[in-house]
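Enquirer: next comes the sequence, and after it the predicted model I'd like to discuss.
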Amino acid sequence: MTVTAGILGATGAVGQRLIQLLEPHPDFELVTLTASDASAGHPYRDVAKWRIDAPIPETIAEMTVRRTDPDDIPDDIDLLFSSLPSDVGKRVEPELCEAGYVVSSNSSNDRTAPDVPLTIPEVNAGHLDVLEVQREERGWDGALVKNPNCSTITMVPTLAALDSFGIEQIHVSTLQAVSGAGYSGVSSMEIIDNAIPHIGGEEQKMEAEACKLLGAFDGREINWHEADVAASCNRIPTIDGHLENVWVETRDEITTEDAAAAMRSYESLDLHSSPDPLIHVFEEPDRPQPRLDRLHGNGMAVTAGGLRETSNGVQYNCLAHNTIRGAAGASVLNGELLLRDGWL
């Protein structure tokens, strides 16, 4: 089954990555692109400063950009992928859902709302069922699904693999690529020969989103995981790929062999964009590295390594491609899950 799809905020960095992933996708036919009012009415090639290291697909280049407004989007769109700025998404996405559109969103607004599923399909696909509550309480014919923050996505699959040992505390320090801030988000004078030990709001996102993702849906609400999470987020001068140092304290005894086996055996899904394996574990102590390992599984896999035992758990490093697995690819994967589970 092929469904019609559109992209909200198609000219930005994540919007461009969405085009790269969706244009050849076997399940989605990309028929609509939206952007700001200033870009609307023009061919995409004339308003997008294309940054992807591959040409703009010709069918997309000539497509006329529409306004990001329910009145300007065709009624017969099955699924909208949103890469809107959060302040715009907060206003526009509910309007679109009320108008009957299903939205798979990368925007940060509403990620922790009780009736909005925040999903990594391989981790918590069952949380999608909260859409029944969402539609009932909000009176929507459409639906809103969120993927997590790029740094959260990097860490949480590895945590899900270890949760059978009873995770009680999580500490994480991130080394995040500059592309996570957008093309003009960090100036070269700030980041070259430097590291910036603060990313506004990032720690809070990781701490909250991880607990929601690892929680359990009881049929009416998502009961968040009770682990204590503490995050420290840092920007470093790599282009793509978020590397994270994670310390996990568990209730039950866990060895490095236990942790490696749990990660390696953690099941992926039979979705078009989901990698197999989901988590690749390195034996080498100096891996993963952003330049070498960010494109594992076509950029959709999580890699881990540097495992060692601590007094009450394990420490390890993990890595994912922040604009593929951590953003556009995550939204596409959620779209595939919505299609598989009959929400479209």
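Expert: Cool, the structure landed. This is a predicted model, so every value here is computed, not measured.
Enquirer: so where's the protein shaky on pLDDT?
Expert: Scanning the chain for pLDDT under 70 picks out nothing.
Enquirer: at 90 what do you get?
Expert: Applying pLDDT under 90 to the chain picks out residues 1-2, 53-54, 182-185.
Enquirer: sort out which residues of stretch 294-308 are buried, please.
Expert: Within stretch 294-308, the residues that qualify as buried are 294, 296-297, 299-307, counting by 16 or more other C-beta atoms under 10 Å. Just so you know, the C-beta spots here come from the backbone N, C-alpha and C atoms, and that holds for glycine as well.
Enquirer: cool, stretch 212-220 as well?
Expert: In stretch 212-220, counting by 16+ other C-beta under 10 Å, buried: 212-215, 217.
Enquirer: and stretch 131-142, by the same measure?
Expert: Under the neighbour-count criterion of 16+ other C-beta under 10 Å, stretch 131-142 has 131, 133-135, 140, 142 buried.
Enquirer: next: stretch 32-42.
Expert: Buried, per 16+ other C-beta under 10 Å, within stretch 32-42: 32-35, 39-40.
Enquirer: and stretch 331-344, by the same measure?
Expert: For stretch 331-344, using 16+ other C-beta under 10 Å, the buried residues are 331-340, 343-344.
Enquirer: got JSON lines for those residues, with distance to residue 324 and secondary structure too?
Expert: Output for the buried residues of stretch 331-344, formatted as JSON lines (distance: C-beta to C-beta, whole Å; DSSP: H, G, I helix; E, B strand; the rest coil):
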{"residue": "331", "distance to residue 324": "11", "secondary structure": "helix"}
{"residue": "332", "distance to residue 324": "9", "secondary structure": "helix"}
{"residue": "333", "distance to residue 324": "10", "secondary structure": "helix"}
{"residue": "334", "distance to residue 324": "14", "secondary structure": "helix"}
{"residue": "335", "distance to residue 324": "14", "secondary structure": "helix"}
{"residue": "336", "distance to residue 324": "14", "secondary structure": "helix"}
{"residue": "337", "distance to residue 324": "17", "secondary structure": "helix"}
{"residue": "338", "distance to residue 324": "19", "secondary structure": "helix"}
{"residue": "339", "distance to residue 324": "19", "secondary structure": "helix"}
{"residue": "340", "distance to residue 324": "20", "secondary structure": "helix"}
{"residue": "343", "distance to residue 324": "23", "secondary structure": "coil"}
{"residue": "344", "distance to residue 324": "23", "secondary structure": "coil"}
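Enquirer: save those as a markdown table, and put in distance to residue 14 too.
Expert: Below are these laid out as a markdown table (distance: C-beta to C-beta, whole Å):
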| residue | distance to residue 14 |
| --- | --- |
| 331 | 8 |
| 332 | 11 |
| 333 | 14 |
| 334 | 14 |
| 335 | 14 |
| 336 | 17 |
| 337 | 19 |
| 338 | 18 |
| 339 | 20 |
| 340 | 23 |
| 343 | 22 |
| 344 | 21 |
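Enquirer: of those, which is the nearest to residue 154?
Expert: Among the buried residues of stretch 331-344, residue 333 lies closest to residue 154 (C-beta to C-beta), at 14.5 Å.
Enquirer: skip the chain neighbours and tell me the closest residue to the closest one.
Expert: Using C-beta to C-beta, 6 or more residues apart in numbering and skipping residues adjacent in sequence, the residue nearest residue 333 is residue 273, 4.8 Å away.
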